[in-house]
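S.K.: please find the sequence and the predicted model below.
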4 protein chains.
Amino acid sequence: MFCFRSPTEEFADGYPSDETWHGYINNNDRVLLKTIRYTSPTSAGAECIDPDCTWVEQWVHRAGPREKIYFKPEEVKAAIVTCGGLCPGLNDVIRQIVITLEIYGVKKIVGIPFGYRGFSDEDLSEMPLSRQVVQNVHLSGGSLLGVSRGGPSVSNIVDRMEEGGINMLFVLGGNGTHAGANAIHNEVCRKRRLKVAVVGVPKTIDNDILLMDKTFGFDTAVEEAQRAINSAYIEAHSAYRGVGIVKLMGRSSGFIAMHASLASGQIDICLIPEVPFNLHGPHGVLRHLKYLLETKGSAVICVAEGAGQDFLHKTNATDASGNIVLGDIGVHLQQQIKKYFKDMGSTADVKYIDPTYMIRACRANASDGILCTVLGQNAVHGAFAGYSGITVGICNTHYVYLPIPEVISYPRVVDPNSRMWHRCLTSTGQPDFI
Amino acid sequence: MFCFRSPTEEFADGYPSDETWHGYINNNDRVLLKTIRYTSPTSAGAECIDPDCTWVEQWVHRAGPREKIYFKPEEVKAAIVTCGGLCPGLNDVIRQIVITLEIYGVKKIVGIPFGYRGFSDEDLSEMPLSRQVVQNVHLSGGSLLGVSRGGPSVSNIVDRMEEGGINMLFVLGGNGTHAGANAIHNEVCRKRRLKVAVVGVPKTIDNDILLMDKTFGFDTAVEEAQRAINSAYIEAHSAYRGVGIVKLMGRSSGFIAMHASLASGQIDICLIPEVPFNLHGPHGVLRHLKYLLETKGSAVICVAEGAGQDFLHKTNATDASGNIVLGDIGVHLQQQIKKYFKDMGSTADVKYIDPTYMIRACRANASDGILCTVLGQNAVHGAFAGYSGITVGICNTHYVYLPIPEVISYPRVVDPNSRMWHRCLTSTGQPDFI
Amino acid sequence: MFCFRSPTEEFADGYPSDETWHGYINNNDRVLLKTIRYTSPTSAGAECIDPDCTWVEQWVHRAGPREKIYFKPEEVKAAIVTCGGLCPGLNDVIRQIVITLEIYGVKKIVGIPFGYRGFSDEDLSEMPLSRQVVQNVHLSGGSLLGVSRGGPSVSNIVDRMEEGGINMLFVLGGNGTHAGANAIHNEVCRKRRLKVAVVGVPKTIDNDILLMDKTFGFDTAVEEAQRAINSAYIEAHSAYRGVGIVKLMGRSSGFIAMHASLASGQIDICLIPEVPFNLHGPHGVLRHLKYLLETKGSAVICVAEGAGQDFLHKTNATDASGNIVLGDIGVHLQQQIKKYFKDMGSTADVKYIDPTYMIRACRANASDGILCTVLGQNAVHGAFAGYSGITVGICNTHYVYLPIPEVISYPRVVDPNSRMWHRCLTSTGQPDFI
Amino acid sequence: MFCFRSPTEEFADGYPSDETWHGYINNNDRVLLKTIRYTSPTSAGAECIDPDCTWVEQWVHRAGPREKIYFKPEEVKAAIVTCGGLCPGLNDVIRQIVITLEIYGVKKIVGIPFGYRGFSDEDLSEMPLSRQVVQNVHLSGGSLLGVSRGGPSVSNIVDRMEEGGINMLFVLGGNGTHAGANAIHNEVCRKRRLKVAVVGVPKTIDNDILLMDKTFGFDTAVEEAQRAINSAYIEAHSAYRGVGIVKLMGRSSGFIAMHASLASGQIDICLIPEVPFNLHGPHGVLRHLKYLLETKGSAVICVAEGAGQDFLHKTNATDASGNIVLGDIGVHLQQQIKKYFKDMGSTADVKYIDPTYMIRACRANASDGILCTVLGQNAVHGAFAGYSGITVGICNTHYVYLPIPEVISYPRVVDPNSRMWHRCLTSTGQPDFI
């Protein structure tokens, strides 16, 4: 019977890999997850130290080509689907999956248009993919295949896969999409017991996936955010009592806001969902802003979209991905700041910039280009190696395969006790706003 | 008695210009304003043709250094002030005015902080300027001096100029600011009969100044708008029934929207204040959008901020410059489009981008860098030549001096009968929306 | 019998233009070439003044769509060819010619691969073109069709055109290519008396075409040159007695070097072919460099590739376009500077940058994007209007048709007595090097 | 007596750190160097496996602020010196060292101009540094302090440090510079027994420092190299039988060439110093090029400057840093390719791009901006913690202190058996050239 999660000895007799990949990865190669040894409970970032919870060696599967492969390339029909919102690098990953499949010798490669929806909509049909189609697609942002949120039920998707003869599925998306990919994997592998590989590539511009050094698109997002921050700085600096506000992506985690603030060196106040703050009161953001205008003449705020949601009117509205529709903290800040200074008979010239779509739609920068290339290659290596229900990632600079459930249990967040957040505070010079 | 507008023979006995400018402009050199001969009333762009109104030769003063100058450099104290909103190139003009003044031998150069306000506020003081201060200032956007709207009365300003010994004033700003500069000129020259030169440099990112080929910052704005347009195109193209909206600057004129649409080749609908349009009805924008989504699958709209203001709730609010606060046509379009498709049981995925501050805060591109350099040089040449109440500009690729009142009577607008608008329509393929 | 150069009354009875272009140009509309009135022989830039040679009104044909057209669109087979070296905007012009032809209703559009060579090489075949093929081609630099120098004889080309049924030929290239286009025009029109239109679009990154405000790609070249100049400035500035040299395009004219120097504000010495200079001697470049290193600590030189050719070993080698292969003035300068300082027991840290290919291969910036769009549209309008042996251009901000011979008699050069060169000298502060 | 290398228990009684850094690092915290477990000698990248050489746990000191510090801030005079060639991020590191020193309370901070030379030259004097001076310095490339190679003897440097009262020295430079820093450390600590801290920050755009994930500037270099590669691709692609060559930095290691090739997806042949290759012969580069021109029509080569040095005339010349002056492999390749095709009666249009200075002079991108910020902060934390003779780096995404001798014993090189090189080969599709 054929069903798998991670291939070990039992698959030692696959087909030999015809193609030379210039070297192979042994199935038992492993990468270590945690690499830091804290020696005091007060060490910055220390989760816990002896004797309560000792340093745990956690080893994960190393990604890469295997000497034995578990699909005959000529029997493979591979499909790629991109879900959720845009993220720089989608086209790079698509491109590399296609190119790597072709090197393995796969002839039948298709794109599913507009996310999981493409499995159900009558008016949407598979897009044939080949090296020629994808050759220069990484030079543009967006997704060649189109994206969308939501989609049909898992059994509908698997029915369509069976009808279409798809036995390799590459899924690019965030936590929700990966939950779907895992459900598809369980349906095809455990329930229907089909010889099908489902491999995810984590796509979250917010960088909020557990265990990974970073996700693709994040680096580009931080890079592109610099334009918006510098514009806000220039506007604030050139105005009389100017305040610039930049809202960046980050529903539940402030990685983009934190890294973009650190990189710019031009942010005075960085607000993220993980660190509560008051607007009003003697230790509030507004009071500090007053201090900044009096001493520096201007100020620039970088706020993650998910920060300060408790100040906003709650809605229960959700989008097609099931995400709660957030209130706009940027607009709220702008209004509160104007009101605060007006009420005290003063003034502030507040400019608010929301560069979200201009960041999301960028093409990947070089660093993300490499990350996407390697993730795409390894997604294909993983499928051919016989893995399913996995996703690919980078841990401690090495590429690995991780079981989907381990990375989607909850979103990764900024640790307020981490050195990186401390560095950000050192850089902005902001106090605690509590 | 000394008072002037444009120097002609009566000033033939100024001081010799010590500095070599590698050549001089004769005071009587002139540049022709209109250079096209229409031969039919139906010729595109024809304003009128014979015999009703014959082709009028209109000649204006050529800008540049003069052999005789009307200020002793060592007696000059020059001030520079920047008013209104940000515009790419402000720092380039400031820089070049300072450098050119220094080449003339002027030692006393100051910046007035934060617009005309800097003439009255107690807590603001003149900023000393020199080549060293401005050397690399053109590498950043914004204004070294700061900008603001509004300010004290003309007589207050002139009082402060007299107290401070300022006898050359360079004013960078739009129509309102130029009206102020002209009032200052009238006060100092005609009423108080002081030997003071007031010279304007038109600063309007909207390019809405009469008689000029273009104003500085416009080219950069069109360039930078491409990022936003391309992002909207990528977002629309990658989404299921995606619509991208980009709102660009242009309160009363659509030059930026028109040029940015033409340059991009990615816009399906361009909406400007000069050309009325309906949203609803058989020839409305929404109906055309429906057609585009059905045939192309996505659409991109470029709208000038001043377009469609009759659809929005009127407010009588004005900003400190006296400009009416516009309603947000971008948000209105987004809402109307969503509602339209929802009402017909369909859907559209609408993304709205407002890149205004990210465009305004840019540094000048090379083309604007040259324009600013030459405008700045010529502003100083004009003041030394004895001109006052003038502004500098470029007409038919040549640099000229124009009396302020001639350029500020009303904002320049896009002629719906011009070839440039026709080219834009050809490029977008849009119908008349009436 | 059908043969033409510019259509006037004799062609008043063409076919009606089915397509609405939102307005037409009357055949007799004209644009004025010279728009400046010099009033003294010493006025900067004055060529001559009364009474010797009075101001001559020179009027040229206005470009644009005509109400009557001289080809039935369904009978047209149009070909496009790109010759010479790369220039930003080639793809924009190709794209717009194709789109405009399609709007006229033309179905048969082909690209000739790799310049005139594509007319003769057996292994090269016509590339079918359509809106779909060219839709996003302007987002990349280079030429979709490929370029090359040289090619077969005129009669061979015309033979191939006759065999292929091509009756509209659009030629993108420089002076040599235009000479070829004119010869083709003479062959088809005057000798073979075929109903064929040959229309040029001047392609010279050097901006050295007579009568035109500027040629496409020039603006982008000046923009991109800023990167190289800024790099040279940074390298020179950060080094001990650093000298940066940037060599820019300009075989016989220094427009790029002059404009790039002006735009940057970072150049100390600008050397162009039109203005002779000495390296050695009391007024030479090297002596001034010594002065700059002593006073400023560093210096940046911008040199046009055609400058100082008399210092270099003469070769009689020519490339396939017949251009003499230039010696490398950049390398020569670098060597001479090193030697000069070494010989006097001193030192200079010289860095030489040649960004030529990185500039040529850029995509067009927004300003050139518009220029290319309008040139491409007007090239097609001209062909349909019955013009042949013409080229399109922009004069005094208006678009015009010019007979090819009038623009290719010799390359346009920088006038050392022009204001623009004077402004450059003011900006660099450099003396005469003679 | 005071002399140190790494502070442990013996320094447990320093001064308390007044400044809050929002958390401290325990002196005994450690970071693991190697995190991959190979399970077969044939695993890609495996250095060795059991039982010959077992997986060695190597732990290094974790970087960050300490609760006890070993200098009273008011007694510190800190100096910063930048040596060697330019590298993106120099100004970011300088800026952050100054800012962090000020947060500690240090008042006396100076820059040593133009590398070690600034310690000896009479005409060069210390540059006072403060937050105000460095605030926006990271927005430009280059080094605020200037760089140079070579310099005075170690004892001369230390004499000058003693005279000047410098007790903290931050050295930014490559292997040679670090060797110098270590010699200074040995002189001050071991020989003269002064209470002085010498801390290095590795500056090598080539990324060739042992043990570190990457060095600052490398990411920016790979990013900027994309422009050159894309230009070469466009030039090659648009030419008839076009070949583009891009030479990138990398004297002894090919990291930039390898990463830039991977990121671009446009390179057909990547040549690096670590992997020998033949030009001629049946498996040579030229033969493969012939194949590429025949099948694809064009080709793009990326070559590291140190590759193929055995083909070039040996010189024994060295620069002031003692580096051997390399022959120009780019020019050699260009000549050989032209000759090869000419000799066989064919042709190739070869364009060669050397973007070195345009890459080096860039400002740091966002990713390097963060790296520089954290390295700069940690350099200061290290000095205050009592470390000397160390350098700061990033290992497995964590920041660490390493003894200088351990990282400079030899340059880090690309392992031809590593997965990253294999991925590069997969991406280019190139064969072995032996």
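M.R.: Now that the structure is in, tell me what you want to look at.

S.K.: can you pull out the strands in the stretch 251-400 of chain A?
M.R.: A:269-271, A:298-304, A:349-353, A:390-395, A:398-403 (DSSP state E, counting those that start in this stretch).

S.K.: can you check the stretch 101-250 of chain A too?
M.R.: According to DSSP E, counting those that start in this stretch, the strands that the stretch 101-250 of chain A contains are A:108-112, A:127-128, A:168-173, A:197-202, A:242-248.

S.K.: indicate which one of those strands is closest to chain D.
M.R.: Using Cβ to the nearest Cβ as the measure, strand A:242-248 is the one of those that comes nearest chain D, at 12.2 Å. For glycine as for every other residue, the C-beta is placed from the backbone atoms N, C-alpha and C.

S.K.: the closest one: how far from the chain's middle?
M.R.: Centre-to-centre, strand A:242-248 and its host chain are 24 Å apart (Cα atoms, centre = their mean, to the nearest Å).

S.K.: please see if that strand touches chain D.
M.R.: No. Applying Cβ under 8 Å from any Cβ of the partner chain, one finds strand A:242-248 separated from chain D by no less than 12.2 Å.

S.K.: swap in stretch A:199-206?
M.R.: No. Shown here: stretch A:199-206 not in contact with chain D (Cβ under 8 Å from any Cβ), separated by at least 14.1 Å.

S.K.: start to end distance for that stretch?
M.R.: End-to-end distance of stretch A:199-206: 21 Å, with Cα to Cα, to the nearest Å as the criterion.

S.K.: tell me the buried residues in it?
M.R.: For stretch A:199-206, the neighbour count (16 or more other Cβ atoms under 10 Å in any protein chain shown) marks A:V199, A:G200, A:V201, A:P202, A:K203, A:T204, A:I205, A:D206 as buried.

S.K.: what's the closest of those to D:H288?
M.R.: A:V201 (32.1 Å; Cβ to Cβ).

S.K.: close to chain B: what parts of the stretch 101-250 of chain A are there?
M.R.: Applying Cβ under 8 Å from any Cβ, we find that the stretch 101-250 of chain A lies next to chain B at A:114-115, A:117, A:140-143, A:146-148, A:227-228, A:230-232, A:234-235, A:237-240.

S.K.: those, buried ones only, as a PyMOL selection?
M.R.: In PyMOL, a selection of the buried entries from these looks like this (16+ other Cβ under 10 Å):
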select buried, chain A and resi 114+115+117+140+141+142+143+146+147+148+227+228+230+231+232+234+235+237+238+239+240
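
S.K.: can you pull out the helices in the stretch 201-350 of chain A?
M.R.: Using DSSP state H, counting those that start in this stretch, the helices of the stretch 201-350 of chain A run over A:218-238, A:255-264, A:285-295, A:329-343.

S.K.: which of those sits most buried?
M.R.: Of the helices of the stretch 201-350 of chain A, the one with the most neighbours on average (mean count of other Cβ atoms under 10 Å in any protein chain shown) is helix A:255-264, at a mean of 28.

S.K.: contact partners of that one?
M.R.: Applying Cβ atoms under 8 Å, 6 or more residues apart in numbering or on different chains, the external contacts of helix A:255-264 come out as A:205-208, A:218, A:221-223, A:225-226, A:229-230, A:233, A:246, A:248-250, A:267, A:270-272, A:302-304, A:307, A:414, A:420-421, A:423-424, A:427-428, D:366-367, D:369-370, D:373-374.

S.K.: go again with 6 Å.
M.R.: Here helix A:255-264 makes contact (Cβ atoms under 6 Å, 6 or more residues apart in numbering or on different chains) with A:207, A:221-222, A:225-226, A:229, A:248-250, A:267, A:270, A:272, A:302, A:304, A:414, A:424, A:427, D:366, D:369-370, D:373.

S.K.: try stretch A:276-285
M.R.: Stretch A:276-285 is contacted from outside by A:L271, A:L286, A:Q336, A:F433, A:I434, using Cβ under 6 Å, 6+ apart.

S.K.: and with 8 Å instead?
M.R.: Applying Cβ under 8 Å, 6+ apart, the external contacts of stretch A:276-285 come out as A:269, A:271, A:286-287, A:301, A:307-308, A:311, A:333, A:336, A:431-434.

S.K.: in that stretch, what's buried?
M.R.: Using 16+ other Cβ under 10 Å as the test for burial, stretch A:276-285 gives A:F277, A:N278, A:L279, A:G284, A:V285.
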